[in-house]
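1. Following is a predicted model, sequence given first.
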Amino acid sequence: MKVVAIGTGYVGLVTGVCYASLGHDVVCLDIDAEKIAQLKGGQSPIFEPGLEDRMAQAVKARKLRFATDYTSTLQDAQIAIIAVGTPSEEGGSKANTSFVEAAFKSIMEHQGSAPLTVVVKSTVPIGTNDRLKALQQQHAADASIHLASNPEFLREGAAIDDFMNPDRIVVGPRDEIAANALRQLNQSFIDRDVAYIEVSASSAEMIKYAANAFLATKITFINEVASLCERVGANVEDVAHGIGLDQRIGPDFLATGPGYGGSCFPKDTLALVDTAQVEGSPVRILEAVIDVNEARKQEMAEKVIESLGGPDSACGKTVAIWGLTFKPNTDDLRDSPSIAIIPALQKAGINVRAFDPQGMEGAAELFDGVDFRPSALDAVADADGLCLVTHWPEFSSVDLGAVKAALKAPRFVDLRNVFDPKTMTEAGWDYRSLGRPS
(Lines give C-alpha, C1' and ligand atoms only; values in the text may rest on other atoms or scores of the structure.)
Protein backbone atom coordinates (compact mmCIF):
# COMPACT_ATOMS: atom_id res chain seq x y z
CA MET A 1 0.00 0.00 0.00
CA LYS A 2 0.98 3.64 -0.39
CA VAL A 3 1.34 5.00 3.13
CA VAL A 4 2.19 8.41 4.57
CA ALA A 5 3.35 8.49 8.19
CA ILE A 6 2.96 12.01 9.57
CA GLY A 7 5.40 12.80 12.36
CA THR A 8 8.93 11.43 12.73
CA GLY A 9 9.15 10.95 16.47
CA TYR A 10 9.31 7.55 18.17
CA VAL A 11 5.93 6.37 16.97
CA GLY A 12 5.82 7.88 13.49
CA LEU A 13 9.35 6.98 12.47
CA VAL A 14 9.23 3.44 13.85
CA THR A 15 5.81 2.90 12.26
CA GLY A 16 6.92 4.21 8.88
CA VAL A 17 10.19 2.30 8.82
CA CYS A 18 8.57 -0.97 9.89
CA TYR A 19 5.71 -0.79 7.40
CA ALA A 20 8.30 -0.05 4.69
CA SER A 21 10.29 -3.10 5.74
CA LEU A 22 7.09 -5.15 5.34
CA GLY A 23 6.88 -4.09 1.70
CA HIS A 24 4.59 -1.05 1.77
CA ASP A 25 5.59 2.16 -0.03
CA VAL A 26 6.04 4.65 2.78
CA VAL A 27 6.73 8.36 3.00
CA CYS A 28 7.65 9.72 6.43
CA LEU A 29 6.36 13.30 6.48
CA ASP A 30 7.34 16.04 8.90
CA ILE A 31 7.05 19.82 8.74
CA ASP A 32 10.42 20.07 10.51
CA ALA A 33 12.78 20.49 7.55
CA GLU A 34 15.85 19.99 9.72
CA LYS A 35 14.59 16.59 10.87
CA ILE A 36 13.82 15.51 7.30
CA ALA A 37 17.27 16.60 6.13
CA GLN A 38 18.79 14.54 8.94
CA LEU A 39 16.72 11.51 7.95
CA LYS A 40 17.63 11.89 4.28
CA GLY A 41 21.25 11.80 5.43
CA GLY A 42 20.62 8.41 7.03
CA GLN A 43 20.60 9.62 10.61
CA SER A 44 17.70 9.08 12.98
CA PRO A 45 16.79 12.04 15.22
CA ILE A 46 16.04 9.58 18.02
CA PHE A 47 18.02 6.73 19.56
CA GLU A 48 16.23 3.41 19.13
CA PRO A 49 18.22 0.17 18.82
CA GLY A 50 18.12 -1.22 15.28
CA LEU A 51 16.15 1.68 13.81
CA GLU A 52 18.86 3.29 11.65
CA ASP A 53 19.88 -0.03 10.11
CA ARG A 54 16.31 -0.98 9.24
CA MET A 55 15.72 2.54 7.93
CA ALA A 56 18.76 2.32 5.65
CA GLN A 57 17.60 -1.06 4.29
CA ALA A 58 14.13 0.29 3.50
CA VAL A 59 15.55 3.36 1.75
CA LYS A 60 17.90 1.17 -0.29
CA ALA A 61 14.95 -1.01 -1.30
CA ARG A 62 13.13 2.16 -2.41
CA LYS A 63 10.30 1.46 -0.02
CA LEU A 64 10.93 4.49 2.21
CA ARG A 65 11.52 8.17 1.63
CA PHE A 66 11.20 11.40 3.59
CA ALA A 67 9.38 14.62 2.77
CA THR A 68 8.02 17.90 4.13
CA ASP A 69 5.35 18.58 1.50
CA TYR A 70 1.79 17.37 2.10
CA THR A 71 0.55 17.91 -1.44
CA SER A 72 3.03 15.70 -3.26
CA THR A 73 2.98 12.92 -0.68
CA LEU A 74 -0.81 12.67 -0.37
CA GLN A 75 -1.69 12.67 -4.07
CA ASP A 76 -1.63 8.89 -4.48
CA ALA A 77 -1.63 7.81 -0.84
CA GLN A 78 -4.12 5.20 0.35
CA ILE A 79 -3.42 5.59 4.07
CA ALA A 80 -2.23 8.59 6.11
CA ILE A 81 -1.10 7.76 9.63
CA ILE A 82 -1.13 10.63 12.14
CA ALA A 83 1.63 9.98 14.66
CA VAL A 84 2.41 13.42 16.09
CA GLY A 85 2.91 14.35 19.73
CA THR A 86 0.12 14.85 22.27
CA PRO A 87 1.94 16.37 25.26
CA SER A 88 0.18 17.50 28.41
CA GLU A 89 -0.93 21.10 28.23
CA GLU A 90 1.50 23.40 30.00
CA GLY A 91 0.58 23.65 33.65
CA GLY A 92 -2.29 21.18 33.30
CA SER A 93 -3.19 17.54 32.84
CA LYS A 94 -5.22 17.67 29.64
CA ALA A 95 -3.62 16.19 26.53
CA ASN A 96 -2.82 18.77 23.86
CA THR A 97 -4.27 17.50 20.59
CA SER A 98 -3.48 20.62 18.56
CA PHE A 99 -0.77 18.84 16.56
CA VAL A 100 -3.20 16.05 15.66
CA GLU A 101 -5.82 18.55 14.55
CA ALA A 102 -3.26 20.55 12.56
CA ALA A 103 -2.11 17.40 10.76
CA PHE A 104 -5.70 16.44 9.96
CA LYS A 105 -6.48 19.92 8.62
CA SER A 106 -3.41 19.69 6.39
CA ILE A 107 -4.61 16.31 5.15
CA MET A 108 -8.04 17.73 4.29
CA GLU A 109 -6.42 20.65 2.49
CA HIS A 110 -3.96 18.61 0.41
CA GLN A 111 -5.70 15.26 -0.12
CA GLY A 112 -5.77 13.91 -3.67
CA SER A 113 -8.89 12.69 -5.46
CA ALA A 114 -8.60 9.04 -4.40
CA PRO A 115 -10.19 7.69 -1.19
CA LEU A 116 -7.89 8.15 1.80
CA THR A 117 -8.01 6.33 5.12
CA VAL A 118 -6.72 8.58 7.91
CA VAL A 119 -5.46 6.57 10.87
CA VAL A 120 -4.88 8.25 14.23
CA LYS A 121 -1.99 6.43 15.88
CA SER A 122 -1.13 9.24 18.30
CA THR A 123 -2.33 8.62 21.84
CA VAL A 124 -5.37 10.88 22.09
CA PRO A 125 -8.19 11.48 24.58
CA ILE A 126 -11.34 9.45 24.12
CA GLY A 127 -13.57 11.26 21.64
CA THR A 128 -10.78 12.75 19.54
CA ASN A 129 -11.72 10.68 16.51
CA ASP A 130 -15.29 11.96 16.84
CA ARG A 131 -14.00 15.54 16.93
CA LEU A 132 -11.92 14.96 13.80
CA LYS A 133 -15.01 13.60 12.06
CA ALA A 134 -16.86 16.76 13.01
CA LEU A 135 -14.00 18.83 11.56
CA GLN A 136 -14.27 16.87 8.34
CA GLN A 137 -18.00 17.46 8.11
CA GLN A 138 -17.41 21.15 8.72
CA HIS A 139 -14.51 21.73 6.30
CA ALA A 140 -14.48 18.84 3.81
CA ALA A 141 -17.83 17.12 3.93
CA ASP A 142 -17.53 15.85 0.37
CA ALA A 143 -13.96 14.56 0.73
CA SER A 144 -13.41 10.82 0.52
CA ILE A 145 -11.71 10.63 3.91
CA HIS A 146 -12.29 7.58 6.10
CA LEU A 147 -11.22 7.92 9.71
CA ALA A 148 -9.94 5.25 12.08
CA SER A 149 -8.11 4.87 15.38
CA ASN A 150 -5.14 2.52 15.68
CA PRO A 151 -3.27 3.03 18.96
CA GLU A 152 0.36 2.00 19.30
CA PHE A 153 1.80 -0.25 22.01
CA LEU A 154 5.52 0.36 21.52
CA ARG A 155 8.09 0.38 24.30
CA GLU A 156 10.98 2.75 23.81
CA GLY A 157 14.16 0.72 23.57
CA ALA A 158 12.26 -2.26 22.16
CA ALA A 159 10.02 -0.51 19.64
CA ILE A 160 11.17 -2.43 16.54
CA ASP A 161 10.51 -5.82 18.10
CA ASP A 162 7.21 -4.62 19.56
CA PHE A 163 6.05 -3.47 16.13
CA MET A 164 7.20 -6.52 14.20
CA ASN A 165 6.04 -9.02 16.84
CA PRO A 166 2.94 -7.48 18.43
CA ASP A 167 0.80 -9.27 20.98
CA ARG A 168 -2.28 -7.56 19.50
CA ILE A 169 -3.34 -4.96 16.97
CA VAL A 170 -6.27 -2.74 17.94
CA VAL A 171 -8.15 -0.83 15.24
CA GLY A 172 -11.20 1.40 15.42
CA PRO A 173 -12.41 2.08 11.85
CA ARG A 174 -15.43 4.33 11.37
CA ASP A 175 -16.59 2.63 8.16
CA GLU A 176 -15.95 -0.43 6.03
CA ILE A 177 -13.57 1.38 3.66
CA ALA A 178 -11.28 2.22 6.60
CA ALA A 179 -11.69 -1.31 7.99
CA ASN A 180 -10.65 -2.88 4.67
CA ALA A 181 -7.67 -0.53 4.31
CA LEU A 182 -6.42 -1.39 7.79
CA ARG A 183 -6.80 -5.12 7.17
CA GLN A 184 -4.81 -4.80 3.96
CA LEU A 185 -2.14 -2.73 5.71
CA ASN A 186 -1.80 -5.33 8.47
CA GLN A 187 -2.40 -8.49 6.44
CA SER A 188 1.05 -9.90 7.20
CA PHE A 189 0.23 -9.81 10.92
CA ILE A 190 -3.24 -11.26 10.41
CA ASP A 191 -1.69 -14.12 8.42
CA ARG A 192 0.52 -14.86 11.44
CA ASP A 193 -2.57 -15.09 13.67
CA VAL A 194 -1.70 -11.97 15.65
CA ALA A 195 -4.79 -10.98 17.65
CA TYR A 196 -6.54 -8.40 15.46
CA ILE A 197 -9.23 -6.50 17.35
CA GLU A 198 -11.78 -4.33 15.53
CA VAL A 199 -13.74 -2.05 17.85
CA SER A 200 -15.26 1.41 17.73
CA ALA A 201 -12.90 4.40 17.48
CA SER A 202 -13.75 5.45 21.04
CA SER A 203 -13.09 1.95 22.36
CA ALA A 204 -9.72 1.86 20.61
CA GLU A 205 -8.80 5.19 22.22
CA MET A 206 -9.90 3.91 25.62
CA ILE A 207 -7.96 0.64 25.25
CA LYS A 208 -4.73 2.59 24.87
CA TYR A 209 -5.33 4.77 27.92
CA ALA A 210 -6.63 1.90 30.05
CA ALA A 211 -3.61 -0.27 29.20
CA ASN A 212 -1.11 2.41 30.19
CA ALA A 213 -3.08 3.28 33.31
CA PHE A 214 -3.14 -0.35 34.42
CA LEU A 215 0.61 -0.79 33.88
CA ALA A 216 1.35 2.43 35.76
CA THR A 217 -0.83 1.16 38.59
CA LYS A 218 1.02 -2.16 38.67
CA ILE A 219 4.40 -0.40 38.88
CA THR A 220 3.18 1.90 41.64
CA PHE A 221 1.66 -0.97 43.58
CA ILE A 222 4.90 -2.94 43.75
CA ASN A 223 6.81 0.21 44.71
CA GLU A 224 4.52 0.69 47.70
CA VAL A 225 4.89 -3.00 48.57
CA ALA A 226 8.68 -2.54 48.43
CA SER A 227 8.52 0.28 50.96
CA LEU A 228 6.45 -1.90 53.28
CA CYS A 229 8.87 -4.79 52.80
CA GLU A 230 11.68 -2.59 54.10
CA ARG A 231 9.70 -1.99 57.29
CA VAL A 232 8.70 -5.60 57.96
CA GLY A 233 11.85 -7.40 56.82
CA ALA A 234 10.38 -9.03 53.72
CA ASN A 235 12.08 -9.20 50.31
CA VAL A 236 10.09 -7.50 47.55
CA GLU A 237 11.74 -9.64 44.87
CA ASP A 238 10.50 -12.80 46.55
CA VAL A 239 7.07 -11.22 46.94
CA ALA A 240 6.96 -10.15 43.29
CA HIS A 241 7.98 -13.63 42.17
CA GLY A 242 5.38 -15.25 44.40
CA ILE A 243 2.49 -13.11 43.23
CA GLY A 244 3.67 -13.01 39.61
CA LEU A 245 3.26 -16.77 39.31
CA ASP A 246 -0.47 -16.21 39.70
CA GLN A 247 -1.68 -16.16 36.09
CA ARG A 248 -4.25 -13.52 37.00
CA ILE A 249 -1.39 -11.17 37.97
CA GLY A 250 1.60 -12.15 35.83
CA PRO A 251 5.28 -11.33 36.38
CA ASP A 252 5.67 -8.24 34.16
CA PHE A 253 5.91 -4.72 35.58
CA LEU A 254 6.60 -6.02 39.09
CA ALA A 255 10.20 -4.78 39.34
CA THR A 256 10.48 -2.08 41.98
CA GLY A 257 12.20 1.18 41.14
CA PRO A 258 12.19 4.95 41.58
CA GLY A 259 8.84 5.46 39.86
CA TYR A 260 7.57 5.39 36.29
CA GLY A 261 8.46 8.07 33.76
CA GLY A 262 8.83 8.50 30.01
CA SER A 263 6.73 9.89 27.21
CA CYS A 264 3.61 7.78 27.85
CA PHE A 265 2.67 6.80 31.38
CA PRO A 266 2.88 10.25 33.06
CA LYS A 267 0.94 12.18 30.43
CA ASP A 268 -1.52 9.38 29.64
CA THR A 269 -2.50 8.81 33.25
CA LEU A 270 -3.01 12.55 33.70
CA ALA A 271 -5.08 12.75 30.51
CA LEU A 272 -7.31 9.86 31.53
CA VAL A 273 -7.90 11.43 34.95
CA ASP A 274 -8.78 14.70 33.21
CA THR A 275 -11.25 12.96 30.88
CA ALA A 276 -12.81 11.08 33.79
CA GLN A 277 -13.27 14.27 35.80
CA VAL A 278 -14.81 16.11 32.85
CA GLU A 279 -17.21 13.22 32.31
CA GLY A 280 -18.15 13.10 35.99
CA SER A 281 -16.77 9.59 36.49
CA PRO A 282 -13.53 10.05 38.45
CA VAL A 283 -10.89 7.29 38.46
CA ARG A 284 -9.76 7.60 42.06
CA ILE A 285 -7.34 4.68 41.96
CA LEU A 286 -5.46 6.36 39.13
CA GLU A 287 -5.46 9.70 40.93
CA ALA A 288 -3.74 7.97 43.86
CA VAL A 289 -1.27 6.27 41.51
CA ILE A 290 -0.17 9.63 40.12
CA ASP A 291 0.27 11.13 43.60
CA VAL A 292 2.18 8.11 44.91
CA ASN A 293 4.47 8.02 41.87
CA GLU A 294 5.45 11.66 42.30
CA ALA A 295 6.11 11.13 46.01
CA ARG A 296 8.19 8.06 45.18
CA LYS A 297 10.78 10.13 43.32
CA GLN A 298 11.21 12.44 46.29
CA GLU A 299 11.57 9.43 48.58
CA MET A 300 14.45 8.21 46.41
CA ALA A 301 16.27 11.51 46.86
CA GLU A 302 15.73 11.21 50.63
CA LYS A 303 17.23 7.72 50.52
CA VAL A 304 20.39 9.13 48.95
CA ILE A 305 20.55 11.96 51.50
CA GLU A 306 20.12 9.44 54.32
CA SER A 307 22.99 7.35 52.95
CA LEU A 308 25.23 10.40 53.36
CA GLY A 309 24.32 10.72 57.02
CA GLY A 310 21.21 12.89 56.79
CA PRO A 311 20.59 16.48 55.64
CA ASP A 312 23.23 18.15 57.83
CA SER A 313 25.97 15.72 56.92
CA ALA A 314 25.02 15.51 53.22
CA CYS A 315 25.35 19.22 52.52
CA GLY A 316 28.54 19.91 50.56
CA LYS A 317 29.15 16.29 49.61
CA THR A 318 29.27 14.90 46.07
CA VAL A 319 27.11 12.13 44.65
CA ALA A 320 27.59 10.34 41.34
CA ILE A 321 24.43 9.53 39.41
CA TRP A 322 24.43 6.59 36.99
CA GLY A 323 21.62 6.87 34.46
CA LEU A 324 19.54 9.90 33.49
CA THR A 325 17.04 8.60 30.91
CA PHE A 326 13.76 7.18 32.13
CA LYS A 327 14.80 3.68 30.99
CA PRO A 328 17.78 2.05 29.23
CA ASN A 329 18.21 1.86 25.44
CA THR A 330 16.70 5.29 24.81
CA ASP A 331 17.85 8.90 24.92
CA ASP A 332 14.45 10.03 26.23
CA LEU A 333 14.46 11.97 29.50
CA ARG A 334 10.80 12.94 29.55
CA ASP A 335 9.51 12.64 33.12
CA SER A 336 12.52 10.55 34.07
CA PRO A 337 12.91 10.02 37.83
CA SER A 338 16.30 11.73 37.54
CA ILE A 339 14.52 15.01 36.75
CA ALA A 340 12.99 14.98 40.24
CA ILE A 341 15.84 13.31 42.13
CA ILE A 342 18.74 15.52 41.00
CA PRO A 343 17.16 18.90 41.89
CA ALA A 344 16.13 17.49 45.29
CA LEU A 345 19.74 16.51 45.95
CA GLN A 346 20.99 19.91 44.82
CA LYS A 347 18.45 21.62 47.06
CA ALA A 348 20.00 19.68 49.96
CA GLY A 349 23.38 21.18 49.07
CA ILE A 350 24.74 18.05 47.37
CA ASN A 351 27.02 18.35 44.36
CA VAL A 352 25.90 16.08 41.53
CA ARG A 353 28.00 14.34 38.92
CA ALA A 354 26.29 12.25 36.26
CA PHE A 355 26.85 9.79 33.46
CA ASP A 356 24.40 8.27 30.99
CA PRO A 357 25.28 6.36 27.81
CA GLN A 358 22.74 8.23 25.66
CA GLY A 359 21.07 10.96 27.71
CA MET A 360 23.87 13.45 28.41
CA GLU A 361 23.18 15.84 25.55
CA GLY A 362 19.53 16.21 26.43
CA ALA A 363 20.28 16.35 30.15
CA ALA A 364 22.65 19.28 29.66
CA GLU A 365 19.64 21.32 28.56
CA LEU A 366 17.56 20.26 31.59
CA PHE A 367 19.91 20.50 34.56
CA ASP A 368 21.87 23.41 35.96
CA GLY A 369 25.01 22.81 37.97
CA VAL A 370 25.42 19.12 37.13
CA ASP A 371 28.94 17.92 36.34
CA PHE A 372 28.54 15.54 33.39
CA ARG A 373 31.28 12.94 33.07
CA PRO A 374 32.33 10.84 30.04
CA SER A 375 32.17 7.43 31.75
CA ALA A 376 30.65 5.61 34.70
CA LEU A 377 34.04 5.29 36.39
CA ASP A 378 34.95 8.92 35.83
CA ALA A 379 31.68 10.00 37.46
CA VAL A 380 32.52 8.29 40.77
CA ALA A 381 36.09 9.60 41.12
CA ASP A 382 36.41 11.17 44.61
CA ALA A 383 32.62 11.22 45.06
CA ASP A 384 31.12 10.60 48.49
CA GLY A 385 28.53 8.17 47.18
CA LEU A 386 26.93 6.61 44.14
CA CYS A 387 23.29 6.30 43.10
CA LEU A 388 22.14 4.08 40.23
CA VAL A 389 18.93 5.55 38.76
CA THR A 390 18.62 3.93 35.31
CA HIS A 391 19.55 0.30 34.71
CA TRP A 392 21.73 0.51 31.62
CA PRO A 393 23.25 -2.95 30.94
CA GLU A 394 26.82 -1.67 31.20
CA PHE A 395 26.29 -0.76 34.85
CA SER A 396 25.67 -4.43 35.67
CA SER A 397 29.10 -5.45 34.39
CA VAL A 398 31.13 -2.58 35.79
CA ASP A 399 34.26 -3.39 37.82
CA LEU A 400 32.90 -2.74 41.31
CA GLY A 401 36.40 -3.00 42.79
CA ALA A 402 37.53 -0.09 40.63
CA VAL A 403 34.39 1.86 41.49
CA LYS A 404 34.92 1.32 45.20
CA ALA A 405 38.54 2.39 44.94
CA ALA A 406 37.58 5.57 43.09
CA LEU A 407 34.98 6.66 45.65
CA LYS A 408 35.85 8.53 48.83
CA ALA A 409 33.51 6.20 50.70
CA PRO A 410 31.87 2.94 49.51
CA ARG A 411 28.28 4.21 49.59
CA PHE A 412 25.96 2.81 46.93
CA VAL A 413 22.23 3.50 46.64
CA ASP A 414 20.84 1.09 44.02
CA LEU A 415 17.38 2.24 42.89
CA ARG A 416 17.03 -0.66 40.44
CA ASN A 417 18.13 -3.59 42.66
CA VAL A 418 20.84 -4.55 40.18
CA PHE A 419 23.29 -6.03 42.67
CA ASP A 420 23.03 -8.64 45.41
CA PRO A 421 22.88 -7.13 48.94
CA LYS A 422 24.78 -9.97 50.61
CA THR A 423 27.62 -9.90 48.08
CA MET A 424 27.87 -6.11 48.26
CA THR A 425 27.90 -6.03 52.05
CA GLU A 426 30.56 -8.74 52.24
CA ALA A 427 32.64 -6.69 49.79
CA GLY A 428 32.61 -3.78 52.22
CA TRP A 429 29.93 -1.62 50.64
CA ASP A 430 27.39 0.49 52.49
CA TYR A 431 24.80 -0.81 50.04
CA ARG A 432 21.15 0.24 50.01
CA SER A 433 18.49 -1.03 47.63
CA LEU A 434 14.70 -1.13 47.48
CA GLY A 435 12.49 -3.50 49.41
CA ARG A 436 15.23 -5.98 50.31
CA PRO A 437 16.87 -6.79 53.67
CA SER A 438 20.34 -5.32 54.11
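-> Okay, I see it.
2. buried set for the strand or helix carrying Ala103?
-> With elements taken from DSSP states H and E, the one containing Ala103 is helix 98-110. Neighbour-count burial for helix 98-110 flags 99-101, 103-104, 106-108 (criterion: 16 or more other CB atoms under 10 Å). In this view, the C-beta of every residue, glycine as well, is placed from N, C-alpha and C.
3. I would like the residues contacting the following helix or strand past it, please.
-> Once the chain leaves helix 98-110, the next helix or strand it forms, by DSSP H and E, is strand 116-120. Strand 116-120 is contacted from outside by 74, 77-82, 100, 104, 107, 128-129, 132, 143-150, 173, 177-178, 181-182, using CB atoms under 8 Å, 6 or more residues apart in numbering.
4. partners of strand 116-120 in the sheet?
-> strand 79-82 (parallel), strand 145-149 (parallel) (DSSP bridges).
5. need the ones you listed in a markdown table with mean pLDDT, mean neighbour count and distance to Ile321, can you?
-> What follows is these, written out as a markdown table (pLDDT from 0 to 100; neighbours: other CB atoms under 10 Å; distance: least, CB to CB, whole Å):
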| stretch | mean pLDDT | mean neighbour count | distance to Ile321 |
| --- | --- | --- | --- |
| strand 79-82 | 98 | 27 | 37 |
| strand 145-149 | 98 | 24 | 40 |
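6. any chance of those in CSV, plus distance to Gln138?
-> Rendered in CSV, the data for these read as follows (distance: least, CB to CB, whole Å):
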stretch, distance to Gln138
strand 79-82, 18
strand 145-149, 12
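7. Please name whichever of the ones you listed is nearest to Ile222.
-> Closest of the strands paired with strand 116-120 to Ile222 is strand 145-149, at 30.8 Å (criterion: CB to CB).
8. what helices or strands is the following helix or strand past that closest one leaning on?
-> Scanning forward in sequence from strand 145-149 by DSSP H and E, the next helix or strand is helix 159-164. Secondary-structure packing of helix 159-164 (3 or more CB pairs under 8 Å, 6 or more residues apart in numbering; DSSP states H and E): helix 10-21, helix 51-60.
9. Can you name the residues in contact with helix 159-164?
-> 10, 14-15, 18, 21, 48-51, 54, 153-155.
10. if we can go back for a sec, now render the buried residues of helix 98-110 as CSV, adding distance to Leu407.
-> Below are those laid out as CSV (distance: CB to CB, whole Å):
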residue, distance to Leu407
Phe99, 46
Val100, 49
Glu101, 52
Ala103, 50
Phe104, 55
Ser106, 55
Ile107, 56
Met108, 60
